[in-house]
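Chemist: kindly return the folded structure for what I paste below:
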Amino acid sequence: MASRTQIVCLCEGEKGRSLDEVFINKLMKTLKPKWIRFDGSNVVRPEPCGGRAEVIQRMPCELKKCLGQGADTTLMVWADCDHDCSDPDALKARFWKESQAQEITKEQFERVVFIFAKDRLENWVEFLKTGNTDEAVEGARVKNGKQVADAAKTLADFCKAGKPVDGMPPSLQWSCKNWRALVERMK
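Modeler: Take a look at the predicted model:
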């Protein structure tokens, strides 16, 4: 394993104003992936990009940077499917189309970990806090960073336990599958 590893997380929102950053940081720090050293030169770096269109456009360039660093740098992409994407696979197809236009190979593209909520990360927060949510209804805005951090810690605890979780929203199940695939690749 390379001595310098990091996870770059492209996400929606504005720098310093996005709850996605809080969720991502708490999730990664609680999960403590074995291939990441949280001290020294190794970091988890959320990169808010504005809206989903900006995340899609920026992803191929960021992937090229990650691949060019000569280490096991992981690119995670956090975005919402919203009303115009039927499911996470449809949104992933949009990323693939943009990636092809920017000369990313299928092999390179498959190294990206996609984490897609249906409409908002808030649905996941609601599920992780209460045990249920309806992704057909946009989750209520959460403005409390502690609630978001607590939800991320709960998700990390589920991941560490490796047990099935009843009632998990479909987009969260889809995203967890992508995370597990990364963990398997890094063993």
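
Chemist: Trp35 and Val183 touch, don't they?
Modeler: No: taking contacts as Cβ atoms under 8 Å, Trp35 lies outside contact range of Val183: 9.0 Å. To be clear about C-beta, it is placed using only N, CA and C from the backbone, and glycine gets the same treatment.

Chemist: where's Glu47, which helix or strand?
Modeler: strand 44-48 (DSSP states H and E).

Chemist: elements contacting the following helix or strand past that strand?
Modeler: The helix or strand immediately downstream of strand 44-48 is helix 52-68, counting by DSSP H and E. Helices and strands touching helix 52-68, by 3 or more Cβ pairs under 8 Å, 6 or more residues apart in numbering; DSSP states H and E, are strand 7-11, strand 74-80, helix 88-101, helix 106-109.

Chemist: and with 7 Å instead?
Modeler: Contact here means 3 or more Cβ pairs under 7 Å, 6 or more residues apart in numbering; DSSP states H and E; on that basis helix 52-68 packs against strand 7-11, strand 74-80, helix 88-101.

Chemist: quick check: which ranges of this protein have low pLDDT?
Modeler: 1-5, 16, 37-42, 70-71 (pLDDT under 70).

Chemist: spatially nearest residue to Ala181, not counting backbone neighbours?
Modeler: Leaving out its chain neighbours, the residue that sits closest to Ala181 by Cβ to Cβ, 6 or more residues apart in numbering is Val113, at 7.7 Å.

Chemist: okay, now that neighbour: neighbour count?
Modeler: If you count neighbours by other Cβ atoms under 10 Å, Val113 ends up with 19.

Chemist: list the contacts of it.
Modeler: By Cβ atoms under 7 Å, 6 or more residues apart in numbering, the contact set of Val113 is Thr74, Met76, Asn178, Trp179, Leu182.

Chemist: ok, which pair from these is furthest apart?
Modeler: Distance extremes for the contacts of Val113: the farthest pair is Thr74 and Asn178 at 11.2 Å, using Cβ to Cβ.

Chemist: follow-up on the earlier one: got phi/psi on the residue nearest to Ala181?
Modeler: Note on Val113: its backbone torsions stand at phi -100, psi 120 [degrees, to the nearest 10].

Chemist: who does it bridge with?
Modeler: Met76 (DSSP bridges).

Chemist: quick check: the gap between it and Val183.
Modeler: Separation of Val113 from Val183 (Cβ to Cβ, to the nearest Å): 10 Å.

Chemist: give the residues shared as contacts by these two.
Modeler: By Cβ under 7 Å, 6+ apart, Val113 and Val183 have no common neighbours.
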